[in-house]
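>>> show me the folded form of this:
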Amino acid sequence: MKNIHTVLFVLLLSCSHAQEQKLLFFQTNWGNTLSWDAFCERAKTSGFDGIDVWLPSDSENQNKLKAALKKHELLLSLMHGTNRSIAFEQSLSEFEEKLKVLVKWNPVLINCHTGSDFFTLEQNQAFIDIANKISKESGIPVYHETHRGRFSYNLPDTKKYVGNIPDLKLTLDISHWMVVHESLLERQDEDLEEIVDRSHHIHARVGHAEGPQVNDPEAPEWKKALDRHLDIWEKIIRKRWSEGQDTVTITSEFGPPTYLPALPYTQIPVADQWKANVFIMNALKKRMKTE
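You can find the predicted model right below:
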């Protein structure tokens, strides 16, 4: 029997074809200190359709995760990544074996931190090829996130991979590139078109020229950065909708301290992480008129 989150996703997809184009939002558990049950309950009551997590390593927590997903009727997006602290061959083997475990959970999607900015193009492509193979065999979408420290750490290099690998599908976290390129990429719309075309999932966090996360996306001083991110995300959503993908998935991914700026000495965060993630979800719903 398929897991409840897979059944829910299929039902949502069938309903979207019969009714309207829609967005599915996943809440990150990055920095979470709540129990699985409490976290899922809060995500559900906040308006999220699912959660985005790294699979717990122990069976006890895995069972608690399964129970919480079923109880609160939430979808599941899983995270995966290349271990950059070990030799390439060992890392590649580990990546493949772990991915085979993840697809057995029947998540809506798997998002990968793939490769390394210190690997060669051929080495990074080996990770992408394995992910694409397992994705095709399992039917579970596997997307590769644009992320600092990975093959996709900047726009020009990611374009090379897109050009070399026709079936490369991305998760766009544009906030990383804002800081890598020290700009909101205002003059790079033409280069971004190819990336938008290959983006199938969104990690929604607002970055800026000096960092991957603004302290509070509601603050008026960040309106320009917020609007720039919303514009790019809208292009992806409309691209997917125009190609018949009625349901687009989005992870709200503002992080905890110290990714979220904190006060010196006390390390008290200057804003509320959960509030920021709910805000960005609602801002996208409002922008795309899916409230």
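
>>> wasn't L76 part of a strand?
Yes - assignment of L76 by DSSP: H, G, I helix; E, B strand; the rest coil places it within a strand.

>>> wait, it sits on I51?
Yes - the pair L76 / I51 is scored as a contact, 6.5 Å apart, by C-beta atoms under 8 Å. The way it works is simple: take the backbone N, C-alpha and C, and place the C-beta from them, glycine included.

>>> which stretches of the stretch 151-291 of the chain aren't confidently modelled?
For the stretch 151-291 of the chain, applying pLDDT under 70 flags the ranges 291.

>>> for this protein, what spans make up the strands?
22-28, 50-54, 75-81, 109-113, 142-145, 170-172, 199-204, 247-252 (DSSP state E).

>>> with mean neighbour count and distance to K159 as extra columns, can I get those strands in a markdown table?
Formatted as a markdown table, these follow (neighbours: other C-beta atoms under 10 Å; distance: least, C-beta to C-beta, whole Å):
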| stretch | mean neighbour count | distance to K159 |
| --- | --- | --- |
| strand 22-28 | 24 | 27 |
| strand 50-54 | 23 | 26 |
| strand 75-81 | 23 | 22 |
| strand 109-113 | 25 | 18 |
| strand 142-145 | 26 | 14 |
| strand 170-172 | 26 | 11 |
| strand 199-204 | 24 | 13 |
| strand 247-252 | 25 | 22 |
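
>>> contacts only, for P256.
P256 sits next to W30, G31, P269, Q273 when contact means C-beta atoms under 8 Å, 6 or more residues apart in numbering.

>>> I meant I86, not that one.
Applying C-beta under 8 Å, 6+ apart, the residues contacting I86 are E94.

>>> give me that answer again for 10 Å
For I86, the contacting residues are L92, S93, E94, by C-beta atoms under 10 Å, 6 or more residues apart in numbering.

>>> neighbour-wise, which of those leads?
L92 (20 neighbours; other C-beta atoms under 10 Å).

>>> surely it meets I128?
No - with contact defined as C-beta atoms under 10 Å, L92 does not reach I128; the gap is 11.0 Å.

>>> overlap in contacts of the two?
What both L92 and I128 touch, as defined by C-beta under 10 Å, 6+ apart, is the set G115.

>>> quickly note the distance from the residue lying closest to N61 once chain neighbours are set aside to A68.
Nearest in space to N61, with sequence neighbours left out and distances taken as C-beta to C-beta, 6 or more residues apart in numbering, is W36 at 7.0 Å. Computed as C-beta to C-beta, to the nearest Å, the W36 to A68 distance reads 4 Å.

>>> what sits in contact with each of the two?
With C-beta under 10 Å, 6+ apart, W36 and A68 have common neighbours I51.

>>> who has more neighbours, those two?
W36 (23 against 20).

>>> I'd say that one and L69 touch.
Yes - W36 is within contact range of L69, at 8.3 Å (criterion: C-beta under 10 Å).

>>> need the residues touching each of the two.
Residues touching both W36 and L69 (C-beta under 10 Å, 6+ apart) are I51, V53.

>>> tell me who's in contact with Q213.
So Q213 contacts 175, 178-179, 205-207, 253-255, 259-261, 271, 273, 276 (C-beta under 10 Å, 6+ apart).

>>> for it, what are phi and psi?
phi -150, psi 120 (degrees, to the nearest 10).

>>> now I86
phi -120, psi 170.

>>> just checking, what packs against the lengthiest helix in the chain?
As assigned by DSSP state H, the longest helix anywhere in the chain is helix 223-242. For helix 223-242, the packing partners by 3 or more C-beta pairs under 10 Å, 6 or more residues apart in numbering; DSSP states H and E come out as strand 22-28, strand 170-172, helix 174-180, helix 189-198, strand 199-204, strand 247-252, helix 273-288.
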